[in-house]
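S.K.: Prediction below, plus the sequence it came from.
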There are 2 protein chains.
Amino acid sequence: MRAIAFLSLLGTALALPSPKISTVKKPGHYRRPHRRDVVTNEVDTSASSPTTSAPKDNIWSFLSNDEAAGVIAFLHNQKALNLTAVDNAGDWDNTVTVIELLPPNKTEALSYMDGNGIKPERWAIASLLCGATEEPYAQDLIVGPLPVPEDSIYYPYTYGTHAPDAKIRVYDMDDSSELLSDVAMSMKDIISDILNATIETADDLADTFDIWGIDPLWHQPDENGNDQVIYWAGFWRYPHSIQMENSTINFDGETLLPQGLYIQTNITGRDKSKWGLIGILYGDEYYTSVDEFRAAWQNPDFKKFIPNYSGDWIGTDQAGNVMPLETEAPPMNVQPGGQRFKVDEENKYIEWMDFSFYLTFTRDTGMRLYDVKFKGERIIYELGLQEAIAHYAGNDPVQSGTAYLDTYYGFGPYAFSQVPGFDMPLYAYCMNTSFHASELSTSHRCGISIFEADQNYPIQRHSNMNYVSATKNIALTLRSISTVGNYDYNFDYNFYLDGTIETVVRASGYIQSAFYANNTEYGSQIHDSLSGSMHDHVLNFKVDFDIAGVENTLVKHIVEPKEIKYKWNNLTRSTMHLIRKEITNEDEGKMNWSHNGQEQVVIVNKDAPNKYGEPKGYKIMPSRGGSGMHLTITNSSNLFNSQDIEQEDIVMYFNLGMHHVPHTGDLPNTVFSTAQSGMMILPHNYLLSDPSRQATQQIRIDYNNNSTTDVYSWDSQIAAGKLDFSQITWDPYTYDGDVSVRKFPYDPRNPFNNTESIV
Amino acid sequence: MRAIAFLSLLGTALALPSPKISTVKKPGHYRRPHRRDVVTNEVDTSASSPTTSAPKDNIWSFLSNDEAAGVIAFLHNQKALNLTAVDNAGDWDNTVTVIELLPPNKTEALSYMDGNGIKPERWAIASLLCGATEEPYAQDLIVGPLPVPEDSIYYPYTYGTHAPDAKIRVYDMDDSSELLSDVAMSMKDIISDILNATIETADDLADTFDIWGIDPLWHQPDENGNDQVIYWAGFWRYPHSIQMENSTINFDGETLLPQGLYIQTNITGRDKSKWGLIGILYGDEYYTSVDEFRAAWQNPDFKKFIPNYSGDWIGTDQAGNVMPLETEAPPMNVQPGGQRFKVDEENKYIEWMDFSFYLTFTRDTGMRLYDVKFKGERIIYELGLQEAIAHYAGNDPVQSGTAYLDTYYGFGPYAFSQVPGFDMPLYAYCMNTSFHASELSTSHRCGISIFEADQNYPIQRHSNMNYVSATKNIALTLRSISTVGNYDYNFDYNFYLDGTIETVVRASGYIQSAFYANNTEYGSQIHDSLSGSMHDHVLNFKVDFDIAGVENTLVKHIVEPKEIKYKWNNLTRSTMHLIRKEITNEDEGKMNWSHNGQEQVVIVNKDAPNKYGEPKGYKIMPSRGGSGMHLTITNSSNLFNSQDIEQEDIVMYFNLGMHHVPHTGDLPNTVFSTAQSGMMILPHNYLLSDPSRQATQQIRIDYNNNSTTDVYSWDSQIAAGKLDFSQITWDPYTYDGDVSVRKFPYDPRNPFNNTESIV
């Protein structure tokens, strides 16, 4: 069966431009990495962590540095490609941008993983940026097999595109910063005045303002009907450096400092002499030349707006009153029993409880899971981010024209090392991440953290007058955090004892804001001259289900109100019932989350009924935040105009995200706690009972005999000084002795030596 | 302004029957508490917890035992009430059921809390059950002021009902168990056969089967048009006792053992001689007499179904394979710096960071918050559960006829003591809860736990090539867990550093299931003869907002797609914008969550604009699970036929809950982790920036100078052996040294003595 299902997707099939076609820069520090020697990826595996050996090699593992270097060398040997080394290349050269693994064909992969099939060959995808032509293009090539021998081949990677030979036109091959600077300098008197700056030289300009704008570029026909490439750029003020006691800090708040001045340029073609200014926007007035703008500015009625200035308000350091007791060390998770999962570091393979899975990492989308098994049976072949869209709107052309496709910038390069004790518990297992871009192989330490944590509520509990039973809710989290420009995205995959897997994404960091003037229809005013620019975050994930095999069916379980007449009552009753509806084609599979959550979405294998005749399945369900959202705009002027995605298996694409209308609380940074979204996939008639019953980290206390039946191992593990439940008389129903408030004194330096009984 | 807003409510105004009008029993152990002497509520406040003094007395505090005893004594002195002590009462007597505080009038309360107004008098609500009449009724009386002096008065409490003198007819004053038993014994031969039991005597019957059914009772006109009261009851098998090594355990799984046999009785009026059997249902066949049923049974074609039997499968103890490493002690939260919030135990008043609030507790709805202030300003006057509905459907009359209103059973009596280390962290602060029912005052130890915990992800973070900044996300949780019959409800109120308050409810425990025969339209078959009976959980909460004062306005912020023509472009653009729409009347205020989350709901004070002209507000937003749901059934045959709720302030009612279609994973218990629902209220242009910036539990690491600027106090608090960040060279962008895997070795018995540096 071949089917694609889109959960709460974009109204139309998600048609994504190739992620590497544009070099328009994103705020601030989004330059390409400089070339440097390939680094050695030496791994020091600590003996304190339980290890395992993956049953099979990780055939999805990211390319080794040697593999990547081999591909680069091979490509440079192909004269037809006319490649130039990145270090020596200019705009009119062809270069290699990214080298990535081509994931193996699923059929071959399963033949190897599940049987005696041979290990699939490794092949690479090489992304080229070809500037040595009047019509520059990006092109993805397939290269292999690896490691590249003499007879390796390459050919265009046409999957997911209709472009002939996978050549995608690039319209901003040539740097436009000189044009922008020239335009700005031609009105430096106006800028100095309205933006309250001293701009005498181009260096002054470059020191004071950052000029950048829309992504993607606009295409509009000119008067002759020819394609015209338009770039709208806005002025942003660089933040101040702030002198601290021992250092200088430059808070990264440029996206909070729009100046309200925008310039429209024509950057069509490769002959820069034909480029030029088209228009200027200031104070919601549009001017078609510098002269026209200057004439208006010289008019005494010209209205000047206060620009946004840098200051302490963009800093994230501690500020304001210190709260009572807040400086005391806060609660933290500790791991007294050591690490309870096993890692095959070389194969990036993890076993936790009855789950196992392989990890990999890509430059474009970061962390990715393959071959996720529960109790030895595959439930997911592949799980990972596909694309992350941040689509803005506003009264100015830069906000209105911004719709970032963040895989272009890449989640891999910006999955920086996580901070122990803050981004992850101190005891987390850290995994390195690598990617290969601009002929440089880069590794980050702890780009992925893996840890168990107590979720602070039990996964199961029940009590009555005779007893109470409760089980700890310990979950495993895989985390990576990527800072893509202004925003920090936290990606979590959580595994639970009941067989559930949760995908969570959170956003913190700096918002991209707008100039306040005339922008009230697009957000709140949040600072002196600042508008919180409304935008939608849509993070699209791919999940390739294999429930009891690859042949799966998508079923909706619809909870529906109904009037029903029963045999046992002569009146018609207003009640509800359950409808099971199979989704048999892809158009039906493009669905939004239903109103009132009345439609539950289940992936089942109809050929694998359980002993009661119910098909084994997994349900997909929103878990956090305003989940189940889709993009507000139905036919964006910036994105989404055609191309199909086709997939060879039952694959579901679901969205996480939020409609973000920033308010003052987003200053200086958005907080993760209110900007998160999650989706769970959970067993649905998959086993015959809840597998969390296998856990020994549970307790049953019998009230009647005044004794604690601590049946299981929890206490035995901490035998040195286990909590003494034996004196508890906890019959909640008949209890009539003295009542005391209990505040369990706790010695953090001796956490298990609490033998004091509960009176 | 007077307004009520219903968020995702029930289609019509929520008209709730009085919660105490029915005595139909719920599964198993739902008897009323036996009378016992009033217990002493002695409080032993540990010196290790920071204390505070509430600025004003807690005027919402639950009644003291003395206050309750005084009210009971006073009522017994009122000859007109004709009361009988609960211990001596029969069905034809009037008794006192519940004594509760009448919350003070809000205007008087605010006058006291905010100014120099006198402390409001304390008054009680006394609930009577009056059986000394042909038409029994329940009646709530107001009694006061307290403590009852000679001149105290009482009068009917008519708030929230249209019933004259607040007298609500009770239709099941008289016990029907004898009738049910007599009917069953009249067909003991059939029962013994089809239910595979040995029923010779009424004692055999009572030892083997529990016979109970619908809630609420049905009213149907008889052939003469007179009101007929119908009770449908089903047969449930008692679970086996299971012999363990040192004890016997009786798992509470009766609601997993429906037998598929139902009897319909007429219990109209108080003359039991006029009661009788109306019908019998078995195998989806309806019989109007025992004789008719026997005749069918004696027919060789009679189809018998396998009943549900008790067994290990209803047990919650550890079962199945022990998972790898699972018996090692798992991660846990510890509190090295001690408790970081202050408690006024007598006034049940808490101060955490910049929040403060009063707590109280009621028999019907459990834990309740009043006067929630953030930075000294009230944001919520009252927050608490109003009602919890569990509405079932099914092919049999018992499931179809079940719509529990759980405040009748009460959340207070079943808020049992929480289990340290499982229901709450070991270091949690425990608060007792008390209630007064059936002339008995009962206290539970640790009915409420209060604790901070690390949420395992930072609340804020941002990184770029120069630095990373992150802040710990420490939240305060108030928790109570009530086991109302088969289900365990976990209620959390979470407070966050950014000013957000979250309400979360989770469900675990045993599902109420259905017999499998012909029930496929209402759920999955989940065991040999068992159907997971579909049901809706709707937990309705009240939140009385006071944002910058009591005069508040409800505003929707609607994110809307729009075609717009801008000055700066000659083409019309497909984009989006923001609409602000005030909700000015209560009908508009009855709203469901919008499709795609495009409508954001904000409570603002229009008279309190911030310096940018935006009104101070709080937004209300789903946070967990399939939030924002409402009942599937729009005009239930069981509930909801009239009565208004009227409230004197801007009060919002919101629902948490889920459409629960149980599957095999709900056996033996539903897991909290996939059965939860949450709602957040979060500041919206309320302050001028994010208040979490006040936190010192944050870190900034500057990469460029290879030194860690641990600017704040976190490490200084654990000076004995702080983590040594100083050797980290963490420039994520330019890092090109060796890469190592870091697994932070951790000694749980000496958690802060990790001086080993990260190489």
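M.R.: Sure thing, it's come through. Numbers count the residues shown, from 1 in each chain, chains lettered A, B, ... in the order given.
S.K.: Every contact and neighbour count from this point should use C-alpha atoms.
M.R.: Noted.
S.K.: Now A:Asp174: closest residue in space, sequence neighbours ignored.
M.R.: A:Asp91 (6.0 Å; CA to CA, 6 or more residues apart in numbering or on different chains).
S.K.: likewise A:Ile380?
M.R.: A:Phe545 (4.5 Å).
S.K.: returning to that earlier point: quick check: pLDDT value at the residue nearest to A:Asp174.
M.R.: Looking at A:Asp91, its pLDDT stands at 94.
S.K.: tell me, how many neighbours does it end up with?
M.R.: The tally of other residues near A:Asp91 (other CA atoms under 10 Å in any protein chain shown) stands at 17.
S.K.: who are the neighbours in contact with it?
M.R.: A:Gly131, A:Ala132, A:Met173, A:Asp174 (CA atoms under 8 Å, 6 or more residues apart in numbering or on different chains).
S.K.: Double-check that it belongs to a helix.
M.R.: No. A:Asp91 sits outside any helix when classified using DSSP: H, G, I helix; E, B strand; the rest coil, being coil.
S.K.: ok, A:Gly523 to chain B distance?
M.R.: 7 Å (CA to the nearest CA, to the nearest Å).
S.K.: same question but for A:Thr201, I mixed them up
M.R.: Using CA to the nearest CA, one obtains 27 Å as the distance from A:Thr201 to chain B.
S.K.: Ramachandran coordinates for that residue?
M.R.: Backbone torsions of A:Thr201, given as degrees, to the nearest 10, read phi -120, psi 170.
S.K.: Can you give me the neighbour number for it?
M.R.: Neighbour tally, A:Thr201, other CA under 10 Å: 11.
S.K.: Show the contacting residues for it.
M.R.: A:Met185.
S.K.: any idea how far stretch A:157-167 is from the chain center?
M.R.: Offset of stretch A:157-167 from its chain centre (CA atoms, centre = their mean, to the nearest Å): 26 Å.
S.K.: List the buried residues in it.
M.R.: A:Tyr157, A:Thr158, A:Gly160, A:Thr161, A:Ala166, A:Lys167 (16 or more other CA atoms under 10 Å in any protein chain shown).
S.K.: Could you point out which of those residues is nearest to chain B?
M.R.: A:Thr161 (24.5 Å; CA to the nearest CA).
S.K.: so where is chain A shaky, pLDDT-wise?
M.R.: By pLDDT under 70, the low-scoring segments of chain A are A:1-48, A:245-247, A:586, A:594-595, A:626-629, A:634, A:639, A:641-649, A:703-759.
S.K.: and for the top helix by length along chain A, what are the contacting residues?
M.R.: Of all the segments of type helix in chain A, defined by DSSP state H, the longest one is helix A:65-76. Outside helix A:65-76, the residues that touch it by CA under 8 Å, 6+ apart are A:38-41, A:81-84, A:96, A:99-100, A:124, A:126, A:143, A:146-148, A:436, A:439, A:441.
S.K.: Which two of the buried residues of stretch A:157-167 have the greatest separation?
M.R.: Spanning the widest gap among the buried residues of stretch A:157-167 are A:Gly160 and A:Lys167, at 12.0 Å by CA to CA.
S.K.: For the spatially closest residue to A:Gln676 that is not a sequence neighbour, name its beta-bridge partners.
M.R.: Leaving aside its sequence neighbours, A:Gln676 sits nearest to A:Arg506 (CA to CA, 6+ apart; 4.2 Å). Judged by DSSP bridges, the bridge partners of A:Arg506 are A:Asn490, A:Gln676.
S.K.: Helix A:65-76 and the helix or strand encompassing A:Thr95, what's the angle between them?
M.R.: Following DSSP states H and E, the helix or strand that holds A:Thr95 is strand A:94-102. Here strand A:94-102 runs at an angle of 140 degrees relative to helix A:65-76 (axes from the mean of the first three to the mean of the last three CA atoms, to 10 degrees).
S.K.: Could you check the next helix or strand after strand A:94-102 and say which residues are buried?
M.R.: Moving toward the C-terminus from strand A:94-102, the next helix or strand (DSSP H and E) is helix A:106-114. Buried residues in helix A:106-114, counted by 16+ other CA under 10 Å: A:Ala109, A:Leu110, A:Tyr112, A:Met113.
S.K.: swap in stretch A:603-619?
M.R.: A:603-606, A:608-610, A:612, A:614-619.
S.K.: Can you tell me the SS state at A:Asp371?
M.R.: Classified using three-state DSSP, A:Asp371 is strand.
S.K.: That one against A:Tyr358, yeah?
M.R.: Yes. At 6.2 Å, A:Asp371 counts as touching A:Tyr358 under the criterion of CA atoms under 8 Å.
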